[in-house]
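Pasting a predicted model and its sequence here:
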Amino acid sequence: MARKPVKKTAAAPVTVTVCRGCCCGTERRHPEVDHAAQLVRLKEGVGAAGRVRAVPCLDACDHSNVVVVSPSAEGRAAGGRPVWLGWVLADDMLDEITDWVKAGGPGIAESPGTLDLQEAAVSRRVREGLPG
């Protein structure tokens, strides 16, 4: 029996997950933030270096606006783990996230020092519930 050809797929890229649920991404919670523009800015900034996706509530509402930067396959192999960032409300934070993704993200490149201030500690239950 002949073997089926194996499709080559690109390794998993750095993924930026943006919470847009009950608190994050809402005008009610953050009326001073243009949430749609934030998402566009991230997608354009990351470009081909990774992927950006919006998801419903990540259940970390105390840290609203939440963004999770997950390592690429290469970054995970190098020991990188998802980094949960809270209170991502300003354009300079978005720029630092996109610069970090372009540099390789978790496991490959050090995060900009100012993003360390935005790191949010979330429960294991919440971390493990991050959609794939």
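Here it is on my side, so go on.

show me what contacts the residue nearest to the spatial centre of the chain?
Centroid check for the chain by Cα atoms, centre = their mean gives Val16 as the closest residue, at 2.4 Å. Counting by Cβ atoms under 8 Å, 6 or more residues apart in numbering, Val16 makes contact with 42, 46, 50-53, 67-70, 97, 101. Just so you know, the C-beta spots here come from the backbone N, C-alpha and C atoms, and that holds for glycine as well.

ok, now how distant is it from Ser64?
According to Cβ to Cβ, to the nearest Å, Val16 stands 16 Å off from Ser64.

do Gly21 as well
Applying Cβ to Cβ to Gly21 and Ser64 gives a distance of 9 Å.

who has more neighbours, these two?
Just comparing Gly21 and Ser64: by other Cβ atoms under 10 Å the higher neighbour count belongs to Ser64, 22 against 17.

tell me the phi and psi of that one?
With angles defined as degrees, to the nearest 10, Ser64 sits at phi -50, psi 130.

Kindly report the same for Asp95.
phi -60, psi -40.

contacting residues around it?
Gly45.

Number the chain from 208, please
Taking 208 as the first residue, the last one we looked at is Asp302.

From Leu292, how far off is it?
13 Å.

Filter the contacts of Val223 down to just the ones in helices.
249, 253, 304, 308 (DSSP state H).

With distance to Leu265 and pLDDT as new columns, can those residues be given to me in a markdown table?
Formatted as a markdown table, the ones in helices among the contacts of Val223 follow (distance: Cβ to Cβ, whole Å; pLDDT from 0 to 100):
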| residue | distance to Leu265 | pLDDT |
| --- | --- | --- |
| Leu249 | 15 | 96 |
| Val253 | 18 | 97 |
| Ile304 | 16 | 97 |
| Val308 | 18 | 97 |
